[in-house]
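J.: show me the folded form of this:
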Amino acid sequence: MDSSLIVPILVLGLGCLLAFGVVGRRQATIPLGVAGSLALGPGIAAGCLSLGSFFSVVAGMGQPGLGSFLAIAVVFGTAIFLAAGHRRSSISHADPLPRWDVAVGWVVSAALAVGYFWSFTRSLDNRPLGSYDAMGIWTYRALQWFRSGESFPEIIGLLVESQPGYPLLLPGLIVSQFNLWGGESIAIVVATGWFFVIGLAAVTYFAVARWARPGAALAAMALLLSTPNVWRSAFAQIADLPLAYLTLTAAVGLTDLVVGGEHRSVPAWLTGFFLGLMVWTKNEGMVFSLILVAVFAFWAWISRGRLDLRGWVAVAFGSVPGVLATVIYKYAWVTTGEIDRYLGWELFSRLADPQRWYDVAAAFAAQLLPGSNGALWGGTWLVLAGLLVVSAIRQRPGTVGRIAAMYGIAFGLFFVFDFAVYLITPEPLQWHLQTSLDRLLLQILPIGVVAASIWCAGDAKSQGETLIV
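T.: Numbers count the residues shown, from 1 in each chain. Modelled structure (predicted):
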């Protein structure tokens, strides 16, 4: 095994340690504590390192070394521990003994973990450079950043083939680890893509287990990890999997803000930090973050008749680093005119074309229905559709029902946005659908799985547990 793997292992470990300070130590059970730490750890580590590298270049400090990153970790960790307090989380279990479904769930999860390790070693040996997008965009820009150092802002706009308008969370995370190691390493690139799988699995479990029975949380995690496209994206080393992870993590934080009350696990500013990282990851992350904020703010308004202004201001404050980095990058480093290409009179002609609507709908149906894309999705969408049908029939009043409904509404709006993107895209439609639709659907799949799992599983109280909201 390549010795440079020590860098991503330490990075993930440090992120999880910081996450333990804000979430893990406050949970009532060990599984929730472990899941909470693993859920937020990858995002905290990715944000600190990527933004640290970017702002170091902006400030003219060159490529940051180990001392700079340790300073960032100390400041961030201190803020987390001060903000978190010592109150316990909102969930406690009256019966600590595992049920049979929980035991089976852990066995299945352990088997998936073994598969995870085996797949990781295969990707390291057989596909170290990832997909075309990794070689031409994400990893390529990380390599150019590391090799050019302080000159990177001057050359990034010239890398036309590498989509310079895409934000830099993933390249920044990779280049920061190159700096920690002191050189380039394919093993670091591969491992960086894979620890978002860990984060996605953990945040899926954490999102469901906080409000529903643990067995349902394990089932939701197993459903995601049994989806071939999740593993394919980890092999591909692209930014869609990190965006899926950050989107769900931000939704978990917003749920805590709206219904957690004084039992919140995730500080509002840390929720904002994850929203800012969504913007810093991919262009669609900006729209996804706005949708999440709108949905949860609307929910808070109609359920309480007011907003927790202090909490929402903290969310806005926390989002500043990611949003500011994106603004600086897009308007000072590169000027691509991406939005202008989608606007103009051609927009109306695209929307008025019935054949375009049919082609987009047919492409979505081909992805979602069992058949030709089974190698990408397995039975995930079929299972999710069944869960949604059960959800539509089954009444779920109270807080848990509203939580599931808000996740479901966000999922629906994400889906509509993705559909609309293809209706108005200036790119050749069939090419755009064939090269990106499976990746865009992966971005929104986790929040749909969580919504259906919470709704169908029943809340903690109905299963003999105690839920305080």
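
J.: buried ones in the helix or strand hosting residue 302, by neighbour count?
T.: Applying DSSP states H and E as the criterion places residue 302 in helix 283-304. Within helix 283-304, the residues that count as buried by 16 or more other Cβ atoms under 10 Å are 283-289, 291-293, 295-297, 299-300. In short, each C-beta sits where N, CA and C put it, glycine included.

J.: which secondary structure elements does that helix contact?
T.: helix 240-259, helix 268-281, helix 309-328, helix 398-424, helix 429-457 (3 or more Cβ pairs under 8 Å, 6 or more residues apart in numbering; DSSP states H and E).

J.: give me the low-pLDDT residue ranges for the stretch 51-200 of the chain?
T.: 62-129, 157-162 (pLDDT under 70).

J.: the strands in it, which residues?
T.: 91-92 (DSSP state E, counting those that start in this stretch).

J.: and residue 165, backbone torsions?
T.: phi -80, psi -10 (degrees, to the nearest 10).

J.: likewise residue 212?
T.: Per degrees, to the nearest 10, the backbone of residue 212 is at phi -140, psi -180.

J.: which pLDDT does the model give it?
T.: Residue 212 carries a pLDDT value of 81.

J.: ok, now which ones touch the residue lying closest to it once chain neighbours are set aside?
T.: The spatially closest residue to residue 212, leaving aside those adjacent along the chain, is residue 457, at 3.9 Å (Cβ to Cβ, 6 or more residues apart in numbering). Counting by Cβ atoms under 8 Å, 6 or more residues apart in numbering, residue 457 makes contact with 208, 212, 213, 215, 216.

J.: ok, those residues vs residue 224, which is closest?
T.: Distance to residue 224, by Cβ to Cβ, is smallest for residue 208 among the contacts of residue 457, at 10.8 Å.

J.: which stretches of the stretch 301-450 of the chain have low pLDDT?
T.: 335-345, 371-374, 391-397.

J.: against residue 166, how distant is residue 239?
T.: Noted for residue 239: a distance of 7 Å to residue 166, by Cβ to Cβ, to the nearest Å.

J.: same thing with residue 271?
T.: Residue 271 is 24 Å from residue 166, by Cβ to Cβ.

J.: neighbour count winner among those two?
T.: Comparing residue 271 with residue 166 by other Cβ atoms under 10 Å, the one with more neighbours is residue 271, at 29 against 22.

J.: correct me, but that one touches residue 256?
T.: Yes - here residue 271 reaches residue 256: they are 7.2 Å apart, a contact under Cβ atoms under 8 Å.

J.: who are the neighbours in contact with residue 54?
T.: 168, 172, 325, 329.

J.: do I have it right that the third one meets residue 57?
T.: No - distance between residue 325 and residue 57: 10.5 Å, which falls outside the contact criterion (Cβ under 8 Å).

J.: once you drop chain neighbours, what's closest to residue 164?
T.: Counting by Cβ to Cβ, 6+ apart, the residue nearest residue 164 is residue 334, at 4.5 Å.

J.: now residue 300: closest residue in space that isn't a chain neighbour?
T.: Using Cβ to Cβ, 6+ apart, the closest residue to residue 300 is residue 258 (4.6 Å).

J.: once you drop chain neighbours, what's closest to residue 383?
T.: residue 223 (6.2 Å).

J.: do residue 404 as well
T.: Nearest non-adjacent residue to residue 404 (Cβ to Cβ, 6+ apart): residue 455, at 3.7 Å.

J.: burial measure for that neighbour, as a count.
T.: 25.

J.: gap between it and residue 376?
T.: In terms of Cβ to Cβ, residue 455 sits 25 Å off from residue 376.

J.: go on, residue 49?
T.: Residue 49 is 31 Å from residue 376, by Cβ to Cβ.

J.: higher neighbour count, the two?
T.: Counting neighbours by other Cβ under 10 Å for residue 49 and for residue 376 shows that residue 49 has the greater number, 28 against 18.

J.: for the nearest residue to that one once chain neighbours are set aside, give its distance to residue 302.
T.: For residue 49, ignoring the flanking residues on the chain, the nearest one in space by Cβ to Cβ, 6+ apart is residue 176 at 3.9 Å. For residue 176, the distance to residue 302 (Cβ to Cβ) stands at 42 Å.

J.: do residue 438 as well
T.: In terms of Cβ to Cβ, residue 438 sits 35 Å off from residue 302.

J.: residue 218: neighbour count?
T.: 25.

J.: and the helix or strand containing it, what other elements does it pack with?
T.: For residue 218, the element it lies in under DSSP H and E is helix 214-225. Using 3+ Cβ pairs under 8 Å, 6+ apart, the elements in contact with helix 214-225 are helix 100-126, helix 186-209, helix 380-393, helix 429-457.

J.: what's the separation between residue 333 and residue 167?
T.: Residue 333 is 11 Å from residue 167, by Cβ to Cβ.

J.: list the buried ones in the helix or strand hosting residue 37?
T.: According to DSSP H and E, residue 37 maps onto helix 30-58. Buried residues in helix 30-58, defined by neighbour count with 16+ other Cβ under 10 Å: 31-57.

J.: do stretch 258-274 as well
T.: For stretch 258-274, by 16+ other Cβ under 10 Å, it's 258-260, 264-274.

J.: span of that stretch from start to end?
T.: 16 Å (Cα to Cα, to the nearest Å).

J.: one more: stretch 130-150?
T.: 27 Å.

J.: who touches stretch 327-337?
T.: In this structure, residues lying in contact with stretch 327-337 by Cβ under 8 Å, 6+ apart are 54, 58, 153, 156, 157, 164, 165, 167, 168.

J.: send me that stretch as CSV with only the CA atoms.
T.: The C-alpha trace of stretch 327-337 is given here as CSV (Å, rounded to 0.1, in the frame of the first residue of the first chain):
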residue,chain,number,x,y,z
VAL,A,327,-17.2,34.8,-5.9
ILE,A,328,-13.5,35.6,-5.8
TYR,A,329,-12.8,32.7,-8.1
LYS,A,330,-15.5,33.3,-10.6
TYR,A,331,-15.2,37.0,-10.9
ALA,A,332,-11.5,37.7,-10.2
TRP,A,333,-9.7,34.5,-11.5
VAL,A,334,-12.0,33.4,-14.3
THR,A,335,-14.7,35.1,-16.4
THR,A,336,-16.6,32.4,-18.3
GLY,A,337,-20.0,34.0,-19.0
